[in-house]
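>>> quick check, what structure comes out for this input:
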Amino acid sequence: PPAAGAELSGVFQNMQKAECYFTNGTEKVRLVERYIYNRQQYLMFDSDVGHYVGFTPYGERIAKRANSNPARLEYARAAVDTYCRYNYGIYGQFATVERRVPPSVSISLVPPSSSQPGPGRLLCSVVDFYPAA
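Below you'll find the model as predicted:
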């Protein structure tokens, strides 16, 4: 902290972000952890890669140390299950990927008109459903 009466010389931000990417529910799950200092990413763990990658000299030192620690690597790799899949079970019900709305179907007879002579036609309308596929 600054001395009494002195002001701060700047603002520093140290941040860690964990992002989970899901394909077909939890069939394929990817975890990406990003370590950021003052808007610069210096270290990242990607579960598809399986180890830490440094982006700055400091990040390279941290990555080398983390990658040489089998327990830390195993913990990071297991986070795909303990963090991503676990939280998907809790929060996935609120996600739009799990949302299902059955269609509203109506069938009506369209009588022949003077502009389109011939037999009547059936009109089938399917609306208000999600997902579109």
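>>> for the helix or strand of the chain with the lowest mean pLDDT, the distance to its chain's centre please.
Using mean pLDDT, DSSP states H and E, the weakest-scoring helix or strand in the chain turns out to be helix 86-91, at a mean of 81. Here the centre of mass of C-alpha atoms in helix 86-91, compared against the chain's by Cα atoms, centre = their mean, to the nearest Å, lies 12 Å away.
>>> got the CA coordinates for it in CSV?
Provided in CSV are the C-alpha atoms of helix 86-91 (Å, rounded to 0.1, in the frame of the first residue of the first chain):
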residue,chain,number,x,y,z
TYR,A,86,-20.5,-30.8,-13.1
ASN,A,87,-21.7,-27.3,-13.6
TYR,A,88,-23.4,-28.2,-16.9
GLY,A,89,-25.6,-30.5,-14.8
ILE,A,90,-26.5,-27.6,-12.5
TYR,A,91,-26.8,-24.7,-15.0
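>>> can you pull the buried residues of that helix?
The neighbour-count check on helix 86-91 (16 or more other Cβ atoms under 10 Å) flags Tyr88 as buried. Placement of C-beta: from N, CA and C, glycine included.
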